[in-house]
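# Here is the input, now give the coordinates:
(one chain, ligands or ions: 1)
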Amino acid sequence: MQNPSVLVLDSGIGGLSITQEIRKLCPQLHITYLADLAAFPYGPKSGEQIVDRVVYLMEQLVPIISPQLAVVACNTASTVALPAIRQQFDIPVVGVVPAIKPAAKLTHTGVIGMLATEGTVNRSYTHNLIKEFAHHREVFLHGSAHLVLLAEEKLRSGQVDPEEVKREAWPLISKSQSMDTVVLACTHFPLLREELIAGFPQIKFWVDSGNAIARRVLDLLGEGASQITSGNKKNLFINTAATQAPYYKPLMLELLGEFEYSSLK
Ligand code: DGL
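Numbers count the residues shown, from 1 in each chain. Coordinates of the predicted model:
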């Protein structure tokens, strides 16, 4: 099978947490990663702004890279833009939405927290997910824009202050002493998993959609995808903010593998 190409996009580096899961299952898959750092962050933007932006970016990129499939590796964008994207592009589009359903199954105490951007916390898509899959659970939500910045900071500098991560998540965790499960409903947050686990040992399950998304991608690519053994093209990292060089290099190498860098206006 020819090495298939997948487009993964996010406002920043959060989608690399999804890319990492995809690469665990299929390291040879060719990935074009689009970080829309010119429009970062998406969290505070309106639904309409996000739909316009993501559709615009895909209009620029899809004809050039001809991906077999696209992953909107961003909960903030997926919870609002998937219908418009699917209507416009005739490739399969996988979205990343809050992992409420698995969390509702995992919890022992019946109390779940969801950490996301304010955008995702406020979307009717999220509230419908909770009604459908967690109506029998107690669910607390918290939106933090600063935690997104901390994840970017961690990838940029290789370090982050664990106390700051803890402070940002505390408003959620403090809502109930019985909370044992937290949904990381922003793709930036699994990149802070280590600090979150250390800060809140009482939380048994930190749940994200990464592995499920990776399995869905391979399913859609079909039988041969998991058997690809050689790929000769380097992955591609595209940044919409030309002024920001790929300063994430060491960690990006780990998450994305060898890559080429390009910018998109
Ligand atoms: N990584 C994104 C998400 O999954 C959003 C971060 C942002 O741009 O605010 O929601």
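# quick one, what contacts the most centrally placed residue in the chain?
Among the residues of the chain, Thr187 comes closest to the average C-alpha position under C-alpha atoms, centre = their mean, at 2.8 Å. Residues in contact with Thr187 (C-beta atoms under 8 Å, 6 or more residues apart in numbering) are Asp10, Gly14, Gly15, Ser17, Ile18, Ala73, Cys74, Asn75, Val96, Asp208, Gly210. Backbone N, C-alpha and C define where each C-beta goes, glycine included.
# Just the helices from the stretch 151-265 of the chain, written as ranges.
Secondary structure of the stretch 151-265 of the chain (DSSP state H, counting those that start in this stretch): helices at 162-173, 193-199, 210-221, 249-256.
# pLDDT on the first one, on average?
For helix 162-173, the per-residue pLDDT values average out at 98.
# That one - contacts with which helices or strands?
Applying 3 or more C-beta pairs under 8 Å, 6 or more residues apart in numbering; DSSP states H and E, one finds that helix 162-173 contacts strand 111-116, strand 138-143, helix 145-157, strand 181-184, helix 193-199.
# The third one vs helix 162-173, what angle?
This points to helix 145-157. Inter-element angle recorded for helix 145-157 and helix 162-173: 150 degrees (by axes from the mean of the first three to the mean of the last three C-alpha atoms, to 10 degrees).
# And stretch 80-88, what's buried?
Val80, Ala81, Leu82, Ala84, Ile85 (16 or more other C-beta atoms under 10 Å).
# Could you export the residues you listed to a markdown table, including columns for distance to Pro171, secondary structure and pLDDT?
Below are the buried residues of stretch 80-88 laid out as a markdown table (distance: C-beta to C-beta, whole Å; DSSP: H, G, I helix; E, B strand; the rest coil; pLDDT from 0 to 100):
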| residue | distance to Pro171 | secondary structure | pLDDT |
| --- | --- | --- | --- |
| Val80 | 24 | helix | 97 |
| Ala81 | 27 | helix | 97 |
| Leu82 | 29 | helix | 97 |
| Ala84 | 32 | helix | 97 |
| Ile85 | 32 | helix | 98 |
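# How far away from the center of its chain is the helix of greatest length in the chain?
Taking DSSP state H as the criterion, the chain has its longest helix at helix 47-65. Counting by C-alpha atoms, centre = their mean, to the nearest Å, helix 47-65 is centred 17 Å from the centre of its parent chain.
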